[in-house]
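J.: Generate a structure from the sequence data that follows.
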Amino acid sequence: MAGNIPLAERMRPASLDGYIGQTHLVGPGGVIRTMIETGRINSFILWGPPGVGKTTLARIIANATEAEFYTLSAVTSGVKDVREVIDRCERAGRSMFAKARPILFIDEIHRFNKSQQDSLLGAVEKGVFTLIGATTENPSFEVIRPLLSRAQVYTLRPLEVEDLQRLLDSTVADDPILRSRGVKVEETTALFRFAGGDARKLLNIIDLIEQSTPDGEPVTINDNIVLDRLQENPAAYDRNGELHYDIISAFIKSVRGSDPDAALYWLARMVAGGEDPAFIARRLVILAAEDIGLANPNALLLANATFDALQKIGWPEGRIILAECTIYLATSAKSNTAYVGIGSALEEVGRSGNLPVPLHLRNAPTQLMKDLGYHEGYKYSHDYANNYSDQLYLPAEIAGHRFWHAGQNPSEAKMQQRMDEIRKK
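T.: Okay, the predicted model is just below:
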């Protein structure tokens, strides 16, 4: 019966016509829409938060191309399961009835260990199947480099309010059960806030309200009812939604704002809520570079050591390691000059494009290059006082441009003083 199927599954679209969000990928001219329209599907990994349509998009592609569709969950599958599904894909691909290369969809691919990911490489390389992976974690950290080189990464974004409104409108209008209950939507502020850009969560909340409304009574959605139902049913939302993003934001801002007590509180909230420790550790590494930076270069060393130690020690003792690093970063001097500096340099690259490398900075491994003036006039800095040679290192068009400016802290003041002295001499 349809009533036994969760609303999120009942509303899962079978084609792009019913797919909401991710217009940068599936809108007119979008890379995934183009793949579907041409029937040429390349291996790729979908990276984004829960409930933004990763699994749905993979199924739509399979439906559109009429490809055999196989799924693996990285949580429950081992190397043996991977090999078995590869064999099935090989048999399906050899079938005279095959209309397209089989698709292997791996949910939470970031949970596969190195040996499991290695077992996919040969089959992807040979075209045994088209790999579509889904992950909520940064693939740069969690997916091995050889696999990343064989699969493009596409980023999915949380749904905007306009997307959530479209989903709500279509759900109320198209779902037969909701239509029969005469759903009345009075307010959406709380509904959208708790959904947090997650389509599945939005539909689960609506499902919860419908099921908790006695038969014969109209189903009403407003802020008070949403708050009332969620207070009674805390399991209706999980750590992967709005709280996940709100709390990590509060944690980052507390460390940046030099408040160790608040930082520890938000760390405790994440630990108690079952947040992935590796996610917290990665944020600490980023914080050390972005917000402490050159004011205390040791912060990056400690944060990186925290990441390594966490992998060696595990949980629950790892919470102590995270706490030590959190306190250190929160109480450290702060500087964002590295963050601002690379941003400024990237802006210049965007403005001026690919400016030529000055000839004296180029290597000259061949006689032809020497004849063309490569490396001519280069000054080897160690042959000069203070190991500094006064020569042009930037392209001539932007000579003298400054991207890094020292911050107001003793460490960078010392760096700036040295640069001023050697430049003056």
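
J.: residue ranges for the helices of the stretch 1-150 of the chain, please.
T.: All helices of the stretch 1-150 of the chain, identified by DSSP state H, counting those that start in this stretch, fall at 7-10, 23-26, 31-38, 54-65, 79-94, 114-126, 139-142, 145-148.

J.: And for the third one, what's in contact with it?
T.: Residues external to helix 31-38 that are found in contact with it (C-beta atoms under 8 Å, 6 or more residues apart in numbering): 16, 22, 25-27, 41-42, 57, 60-61, 64-65, 154. All C-beta spots, glycine's among them, are computed from the backbone N, C-alpha and C.

J.: Lowest-confidence entry in the residues you listed?
T.: pLDDT across the contacts of helix 31-38 is lowest for Thr65, at 82.

J.: Number of residues surrounding the nearest residue to that residue once chain neighbours are set aside?
T.: Distance criterion C-beta to C-beta, 6 or more residues apart in numbering; nearest residue to Thr65, sequence neighbours excluded, is Ala100 at 4.3 Å. A total of 17 residues lie near Ala100 under the criterion other C-beta atoms under 10 Å.

J.: can you check Ala330 too?
T.: Neighbour tally, Ala330, other C-beta under 10 Å: 24.

J.: pretty sure it is touching Tyr265, no?
T.: No: assessed by C-beta atoms under 8 Å, Ala330 is found out of contact with Tyr265, at 11.3 Å.

J.: Ala295 and Gln417: what is the separation?
T.: 15 Å (C-beta to C-beta, to the nearest Å).

J.: now this protein, which segments are flagged as low pLDDT?
T.: Scanning the chain for pLDDT under 70 picks out the ranges 1-3, 93-99, 232-245, 425.

J.: what's the residue closest to the geometric middle of it?
T.: Asn138 (4.4 Å; C-alpha atoms, centre = their mean).

J.: on that earlier part again, who touches both of Ala330 and Tyr265?
T.: Joint contacts of Ala330 and Tyr265 (C-beta under 8 Å, 6+ apart) are Ser254.

J.: what's around the residue nearest to Gly182 when sequence neighbours are not counted, how many residues?
T.: Leaving aside its sequence neighbours, Gly182 sits nearest to Pro218 (C-beta to C-beta, 6+ apart; 5.0 Å). By other C-beta under 10 Å, the residues close to Pro218 number 9.

J.: cool, the one 3 residues further on as well?
T.: The tally of other residues near Ile221 (other C-beta under 10 Å) stands at 22.

J.: Please determine how far it is located from Ala74.
T.: According to C-beta to C-beta, Ile221 and Ala74 sit 35 Å apart.

J.: Could you measure from the residue lying farthest from the centre of the chain over to Met270?
T.: Here the chain reaches farthest from its C-alpha mean at Asp371, the gap being 48.2 Å by C-alpha atoms, centre = their mean. Separation of Asp371 from Met270 (C-beta to C-beta): 62 Å.

J.: now do Asn354
T.: In terms of C-beta to C-beta, Asn354 sits 43 Å off from Met270.

J.: Among those two, which residue is more densely surrounded?
T.: Under the criterion of other C-beta under 10 Å, the comparison of Asn354 against Met270 puts Met270 first, with 23 against 7.

J.: The more buried one reaches Asp246, doesn't it?
T.: No: judged on C-beta under 8 Å, Met270 makes no contact with Asp246 at a distance of 10.9 Å.

J.: okay, stretch 157-169 in PDB with CA atoms only?
T.: Once non-C-alpha atoms are left out, stretch 157-169 reads as follows in PDB (Å, rounded to 0.1, in the frame of the first residue of the first chain):
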ATOM      1  CA  ARG A 157      24.200  22.300  -2.900                       C
ATOM      2  CA  PRO A 158      21.600  22.500  -0.200                       C
ATOM      3  CA  LEU A 159      18.200  23.400  -1.600                       C
ATOM      4  CA  GLU A 160      17.200  27.000  -1.600                       C
ATOM      5  CA  VAL A 161      14.000  28.300  -0.100                       C
ATOM      6  CA  GLU A 162      12.500  28.600  -3.600                       C
ATOM      7  CA  ASP A 163      13.400  24.900  -4.200                       C
ATOM      8  CA  LEU A 164      11.800  23.800  -0.900                       C
ATOM      9  CA  GLN A 165       8.700  25.800  -1.800                       C
ATOM     10  CA  ARG A 166       8.400  24.100  -5.200                       C
ATOM     11  CA  LEU A 167       8.900  20.700  -3.500                       C
ATOM     12  CA  LEU A 168       6.200  21.500  -0.900                       C
ATOM     13  CA  ASP A 169       3.700  22.700  -3.600                       C
END
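
J.: What count of nearby residues applies to Asp107?
T.: When neighbours are defined as other C-beta under 10 Å, Asp107 has 20 of them.

J.: same deal with Pro260?
T.: 17.

J.: for Val185, same thing?
T.: For Val185, using other C-beta under 10 Å, the count is 15.

J.: Nearest spatial neighbour of it, chain-adjacent residues omitted?
T.: Excluding its sequence neighbours, the residue lying closest to Val185 (C-beta to C-beta, 6+ apart) is Ile221, at 4.8 Å.

J.: Phi and psi next, for that neighbour.
T.: Backbone torsions of Ile221, given as degrees, to the nearest 10, read phi -120, psi 110.

J.: State the distance from it to Ile206.
T.: For Ile221, the distance to Ile206 equals 7 Å [C-beta to C-beta].

J.: now do Val153
T.: Taken as C-beta to C-beta, the span from Val153 to Ile206 is 32 Å.

J.: quick one, which of the two is more surrounded?
T.: Neighbour totals were compared for Val153 and Ile206, and Ile206 leads with 26 against 15 (other C-beta under 10 Å).

J.: so who does that one touch?
T.: Ile206 neighbours (C-beta under 8 Å, 6+ apart): 7, 168, 171, 178, 183, 191, 221.
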